[in-house]
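Trainee: structure, please.
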Amino acid sequence: MKILVAIKRVVDANVKVRVKADGSGVDLTNAKMAINPFCEIAVEAAIQMKEQGHADEVIAISIGPQPCQEQIRTALALGADRGILVLSDAPVESLGVAKILQAIVKKEQIDLVILGKQSIDTDNNQVGQMLAALCNFPQGTFACKAELKDGKLEVKREVDGGEQTVLLNLPAVLTTDLRLNEPRYASLPNIMKAKKKPIDSTSAEELGVDISSKLKTLNVAPPAERTAGVIVESVAELVNKLKTEAKVI
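Mentor: All right, here's what the predicted structure looks like:
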């Protein structure tokens, strides 16, 4: 079985991002970059399945500029077998990413695609669902548990009312939630081995995929500064402010 894991290069979760002065986007100058946290969980899920003997090969794929190789190398150090970098200097929207992944799924004859449920930069939560629709694959989204049983994938999903369990025929698409696993750290020997693992480069044009932008960003602005709180002298004053100022009661 072949598993494809999609990983995205994002600003490190511990870094406070800055908006460009002209409001055109986020300033990434000298920002520390990392694998999207949900994608780390996806990589761990794929590696665990391989360690359990369910998978023969784990392929890590990323879409973006040349520096995305760093994140692919990290995935290789964690246990992926090889990487694919789809080069694109311009940002690729969710549908474009899904189309690229669809082309790779067809080319590589992938049995299972694992993605993070969303990225922490755009928070779109779209690629997994779009990919499943394009490939006509069953999907298990927001997975907090996933097990391969008798050639099928049993997925426990986090939903508004609690948890839902679904059984998927392969090939399928799985998107990971926070409670699925705890990603491992790459050991120094594996980091050194990862340097010798192959990373193939391609482009959307070579794959025959149109990734031209369909959306236009009008403006990017930081959230409003939080105002200071107010100390009230009594419950009556609190209730009055909630009625007249906050208007929540």
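Trainee: need the helices for this structure, in chain order.
Mentor: With helices called from DSSP state H, the chain shows them at 37-51, 69-78, 94-108, 127-135, 188-194, 204-207, 235-241.
Trainee: identify all contacting residues around the fifth one.
Mentor: By Cβ atoms under 8 Å, 6 or more residues apart in numbering, the list of residues contacting helix 188-194 from outside reads Arg73, Thr74, Leu76, Ala77, Leu78, Gly79, Ala186. Any C-beta I mention is one placed from the backbone N, CA and C, and that applies to glycine too.
Trainee: make CSV from the helices of the chain and add distance to Ile59 to it.
Mentor: Compiled in CSV, the helices of the chain are given as follows (distance: least, Cβ to Cβ, whole Å):
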stretch, distance to Ile59
helix 37-51, 9
helix 69-78, 9
helix 94-108, 7
helix 127-135, 15
helix 188-194, 14
helix 204-207, 15
helix 235-241, 58
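Trainee: Ala60 is nearest to which of those?
Mentor: helix 69-78 (3.8 Å; Cβ to Cβ).
Trainee: got the angle for the closest one vs helix 37-51?
Mentor: Helix 69-78 and helix 37-51 are oriented at 30 degrees to each other (axes from the mean of the first three to the mean of the last three Cα atoms, to 10 degrees).
Trainee: for helix 69-78, packing partners?
Mentor: Applying 3 or more Cβ pairs under 8 Å, 6 or more residues apart in numbering; DSSP states H and E, we find helix 69-78 packed against strand 33-35, helix 37-51, strand 57-64, strand 82-87, helix 188-194, strand 199-203.
Trainee: mind checking which of these is nearest Thr122?
Mentor: In terms of Cβ to Cβ, the element of these nearest to Thr122 is helix 37-51, at 12.1 Å.
Trainee: still on that earlier bit, quick check: the farthest pair among the contacts of helix 188-194?
Mentor: For those, the farthest-apart pair by Cβ to Cβ is Arg73 and Gly79; their separation is 12.4 Å.
Trainee: can you tell me the centre-most residue of the chain?
Mentor: The chain has Gly116 as the residue nearest its centroid, 3.5 Å off, counting by Cα atoms, centre = their mean.
Trainee: before we move on, back to that, Gly23 is nearest to which of the helices of the chain?
Mentor: Nearest to Gly23 among these is helix 94-108; the distance by Cβ to Cβ comes to 22.2 Å.
Trainee: and the average pLDDT for that closest one is what?
Mentor: Helix 94-108 shows a mean pLDDT of 95.
Trainee: and the angle for that helix with helix 127-135?
Mentor: Angle between the axes of helix 94-108 and helix 127-135 is 50 degrees (criterion: the same axes, to 10 degrees).
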